[in-house]
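Visitor: Could you work out the structure for the sequence below:
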Amino acid sequence: MLEAKNLNKEISIKKIDNETSNIKIFNNDILIEIVGEFNKNLIKIEKLTGTKIFFRGNSITVKGNKNSILIVSNSLTFLVNKLLVTSSIEDNDITYSIKKGEVFENMENSKNNVRSIDQVIKTPRRSVIPRSKKQSEYLKALLNEDIVISLGPAGTGKSYLAVSAAVNMLVEKKVEKVILSRPAVEAGERLGFLPGDMKEKVDPYLRPLYDALYDLLGYEKVQRKIETGEIEIAPLAFMRGRTLKNSFAILDEAQNASLTQIKMFLTRIGENSKIVVNGDPSQVDLINKNHSGLVQSSKILNNINEIKCIEFDHTDVVRHPLVSKIIKAYQQKTNDKN
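Guide: Numbers count the residues shown, from 1 in each chain. Alright, predicted model coming up:
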């Protein structure tokens, strides 16, 4: 658990009565980040918690019921700590801080739990933290296990966290290469008829991983590392026969790979290497959806101690709150049919 040493000096919370709480943030630079441009962060917290928030000077007054003002106090405490530990606050942090506050509102040790950050992955452009209990479990597995398989809907951070861990290990020279792969289902893995070299043929299928790389490293650094071979783009079909040493390899969209293909990818692992397999079983693009090997692989390998299998659901979605509701609605529709 990570907590800034001077957190107690940066924020104080005083309960006025059962419906009012006063929060003071003493550092003006921190206060500006917490409040947001045109008070946008406070407005968002108001909307999510049903409270009324008044901001003047370095004082934030919260009005609402007992539970809601506790959630806001917890949220602001977490955000101050997050800013001190990682030097940044992002839009998703606001929603996550409310969720974290809600989880611990009735716990005796809520003060310690809500302010703490489980883990931080540092990359050249930003620090990344897990935003749910499942993400925390996943990130721990990425850092400590040789092989990780994750299943879950879009927006749960599977790809982004995997790339974050890979970039971190590459920058800290714990591995020599990051390998990104994906089944090119739309091209039937026969890429010869597409224009350009292999990288240009595969790039469109790996856009989500590129977006994560650019966000964590920056465009120029990514391009340089591709040129030097530190970052490699490889279609799944081209992985056959290789042994991956000192590498962090990620197979994305693995729901579109067969059982045989996933087995082939996993058995490429060599000395000082990690392999991550990610996919969403609800988004299989194969003509015969039964040929998808992702769920089968997770069940087959689940009892091997050195392999960690993580399953996300709609509660772990960290995109727009509507994404979680959309996924839940479709899941219920599917369950009703069954």
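Visitor: okay, CA-based contacts and neighbour counts for the rest of this
Guide: Noted.
Visitor: which residues in the stretch 1-150 of the chain form strands?
Guide: Secondary structure of the stretch 1-150 of the chain (DSSP state E, counting those that start in this stretch): strands located at 11-17, 20-25, 52-56, 59-63, 121-122, 127-128, 147-151.
Visitor: Revised request: answer the last question for the stretch 201-338 of the chain.
Guide: So, for the stretch 201-338 of the chain - with DSSP E, counting those that start in this stretch - the strands run 231-233, 247-251, 274-279, 307-311.
Visitor: Is it possible to get a markdown table of the strands of the stretch 1-150 of the chain that adds distance to Ser282?
Guide: Formatted as a markdown table, the strands of the stretch 1-150 of the chain follow (distance: least, C-alpha to C-alpha, whole Å):
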| stretch | distance to Ser282 |
| --- | --- |
| strand 11-17 | 44 |
| strand 20-25 | 44 |
| strand 52-56 | 40 |
| strand 59-63 | 42 |
| strand 121-122 | 29 |
| strand 127-128 | 27 |
| strand 147-151 | 10 |
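Visitor: So for Asn67, which of the strands of the stretch 201-338 of the chain sits nearest?
Guide: Closest approach to Asn67 among the strands of the stretch 201-338 of the chain (C-alpha to C-alpha): strand 307-311, 30.8 Å.
Visitor: Give the partner strands of the closest one in its sheet and their orientations.
Guide: Note on strand 307-311: by DSSP bridges, its sheet partners are strand 147-151 (parallel).
Visitor: mind saving the C-alpha coords of the helix or strand following the partner strand as CSV?
Guide: Past strand 147-151, further along toward the C-terminus, the next helix or strand under DSSP states H and E is helix 158-171. Written as CSV, here are the backbone C-alpha positions of helix 158-171 (Å, rounded to 0.1, in the frame of the first residue of the first chain):
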residue,chain,number,x,y,z
LYS,A,158,-6.6,-5.7,-19.8
SER,A,159,-4.5,-4.4,-22.6
TYR,A,160,-3.5,-1.0,-21.1
LEU,A,161,-2.2,-2.5,-17.9
ALA,A,162,-0.3,-5.3,-19.7
VAL,A,163,1.4,-2.7,-21.9
SER,A,164,2.1,-0.5,-18.8
ALA,A,165,3.9,-3.5,-17.1
ALA,A,166,5.8,-4.3,-20.3
VAL,A,167,7.0,-0.7,-20.8
ASN,A,168,8.0,-0.4,-17.1
MET,A,169,10.1,-3.6,-17.4
LEU,A,170,11.6,-2.5,-20.7
VAL,A,171,12.6,0.9,-19.3
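Visitor: Tell me what angle helix 158-171 forms with strand 147-151.
Guide: 160 degrees (axes from the mean of the first three to the mean of the last three C-alpha atoms, to 10 degrees).
Visitor: before we move on, back to that, between the strands of the stretch 201-338 of the chain, which has the poorest mean confidence score?
Guide: Lowest mean pLDDT of the strands of the stretch 201-338 of the chain: strand 231-233, a mean of 91.
Visitor: can you give me the offset of it from its chain's centre?
Guide: Offset of strand 231-233 from its chain centre (C-alpha atoms, centre = their mean, to the nearest Å): 21 Å.
Visitor: The strands of the stretch 201-338 of the chain into a markdown table, with extra columns for mean neighbour count and distance to Glu145?
Guide: Putting the strands of the stretch 201-338 of the chain into a markdown table (neighbours: other C-alpha atoms under 10 Å; distance: least, C-alpha to C-alpha, whole Å) gives the following:
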| stretch | mean neighbour count | distance to Glu145 |
| --- | --- | --- |
| strand 231-233 | 19 | 21 |
| strand 247-251 | 27 | 12 |
| strand 274-279 | 26 | 7 |
| strand 307-311 | 19 | 7 |
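Visitor: I'd like those laid out as TSV, including distance to Val128.
Guide: Output for the strands of the stretch 201-338 of the chain, formatted as TSV (distance: least, C-alpha to C-alpha, whole Å):
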stretch	distance to Val128
strand 231-233	20
strand 247-251	18
strand 274-279	18
strand 307-311	19
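Visitor: Can you tell me which of those is nearest to Lys299?
Guide: Smallest distance to Lys299 across those (C-alpha to C-alpha): 8.6 Å, for strand 307-311.
Visitor: which residues are in contact with that closest one?
Guide: Residues from elsewhere that reach strand 307-311 (C-alpha atoms under 8 Å, 6 or more residues apart in numbering): 134, 137-138, 141, 145-152, 298, 301-302.
Visitor: Mind giving me the ChimeraX command for buried ones among these?
Guide: Buried residues within the contacts of strand 307-311, by 16 or more other C-alpha atoms under 10 Å, are selected in ChimeraX with:
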select :134,138,141,145,146,147,148,149,150,151,152,298
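Visitor: Could you point out which of the contacts of strand 307-311 is nearest to Gln332?
Guide: Gly152 (15.2 Å).
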